[in-house]
Each structure stands twice: as structure tokens, then as C-alpha cells.
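Student: Structure for this input, please:
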Amino acid sequence: MAKGFPLKMRARFSKAGKKDIVHKSLKKMSDVERLELSEERLEKVVDEIAGEIEEIEHIKNIERSKKEFSFLQGKPTELALQDFVGAAFGAMFFTVTQEVWELSAKLQLLNILALVILGFSLGFLLIYFSRRRKFVSTQVFRTSFVRGIEVYIISFLTSFIFVSIFGTASGAEVFKQVVVITLPSVVSAATADLLFY
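Tutor: The predicted structure follows:
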């Protein structure tokens with residue numbers, strides 16, 4: 001074997017190795033470019049999915065508000081029946097209590113207004129915190145306020161029905177008694193809303 005042969009072959013192998021290294025590095029560069037392109041595509045897809053999720057949540061919120069407040073629009077709903085049952089649970093025990101009759105007979109106008117404000121506030125706060133616990137939204141305060149009005153009206157009517165059925169008061173005393181009984185009715189109906197919403 002000639003002495004120069006291994007030296008020539010070494011040079012050829014090193015050239016081939018350099019070509020392979022250059023080819024491999026170019027291949028890696030193209031892989032990096034492909035990864036960058038795929039990352040851009042993924043970012044676009046993620047943005048599209050986020051937009052679709054926001055649209056779906058918006059539609060759900062609209063449907064939920066239509067379902068919730070349809071009683072105020074003149075359409076009874078399952079939610080209104082739930083409020084009635086919750087209010088009835090609170091009203092039935094206080095309508096037949098003699099202490100409530102005696103207490104309501106002594107109430108003045110200022111006391112009645114304070115009870116109305118207290119009853120509405122308790123109902124609103126129970127509903128507001130139950131909604132806020134489920135989802136945080138800019139609409140929570142407004143929808144909870146409207147829902148609080150709805151719960152108070154249903155509780156007031158339920159209390160009136162119970163006072164009328166049992167005949168525990170007559171004349172102006174009916175209104176006073178209904179206001180007193182509405183307080184526990186609102187708390188009961190709002191708690192049912194908290195549990196089943």
C-alpha cells in the first residue's frame with residue numbers, strides 16, 4: 001500500500017464529512033423554519049378557538065338571561081316555580097306564628113320600609129355572591145339586581161297568598177303581615193336559587 005493513500009483517503013473522508021455536516025445543518029435549519037411556521041399556525045388556531053369560545057359563552061349568557069328573566073317579560077319559567085317553592089317554604093312557617101301577627105300589628109311606616117329594604121338587600125346579596133362564585137362578568141351586578149327584584153316580587157306574592165289562605169289578618173294588617181313574612185321568604189327563595197343555579 002502506498003504511503004500517500006491513507007492521507008488522500010483521509011482528505012476525501014473529511015470532505016465528505018464536511019458535506020454531511022453542512023447538509024445536516026441545512027436540514028436542521030429547514031426543520032427550525034418548519035417549526036416556526038407550525039408555531040405560527042398553532043398561534044392562529046389558538047386565537048381562532050379562543051374567539052369561538054368567547055362567542056359561545058356570549059350566546060350562553062344571552063340564553064341564560066332570557067331563561068332567567070322571562071318571568072319579568074310575562075312568561076312563567078321553571079326558575080319562577082323554583083322561587084315560589086323556596087318562598088313558600090319560608091312563608092308557611094311564619095304565617096301561622098302568633099308572634100308574627102303581634103309584631104306586624106305594631107309596625108310603623110318607617111319599620112315597614114326598613115323591612116322591605118332589608119329583605120331585598122338580603123335576597124340580592126345571596127344571589128349576587130352565588131352568581132359571582134360561578135363566573136365573573138361585568139353583567140353579574142346588573143343581572144343579580146334584576147334577579148333580586150324578581151325573587152322579592154315572587155316572595156311577596158307568595159306571602160300574600162299564604163296570609164290570604166290562612167286569613168290571619170284583615171284590612172291594612174294584611175300588608176304589614178305580608179311585609180314581615182316576605183323577609184324569611186326572600187331568604188328562603190334566594191337560598192334555593194343559590195343551591196340550584
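Student: residues contacting residue 184?
Tutor: Contact analysis of residue 184 by Cβ atoms under 8 Å, 6 or more residues apart in numbering lists 90-91, 93-94. Bear in mind the C-beta positions are built from the backbone N, C-alpha and C, glycine included.
Student: Try it again at 6 Å.
Tutor: Residue 184 sits next to 90, 94 when contact means Cβ atoms under 6 Å, 6 or more residues apart in numbering.
Student: Also residue 181?
Tutor: Residue 181 makes contact with 91, 94-95, 159, according to Cβ under 6 Å, 6+ apart.
Student: Assign a three-state SS to it, would you?
Tutor: Under DSSP: H, G, I helix; E, B strand; the rest coil, residue 181 falls in the helix class.
Student: any idea how far it is from residue 115?
Tutor: As defined by Cβ to Cβ, to the nearest Å, residue 181 lies at a distance of 10 Å from residue 115.
Student: what do you get for residue 123?
Tutor: Taking Cβ to Cβ as the measure, residue 123 falls 12 Å from residue 115.
Student: neighbour count winner among these two?
Tutor: Remark: of residue 123 and residue 115, residue 123 carries more neighbours, 31 against 17, as counted by other Cβ atoms under 10 Å.
Student: For the more buried one, which residues are in contact?
Tutor: Contact analysis of residue 123 by Cβ under 6 Å, 6+ apart lists 148, 151-152, 186, 190.
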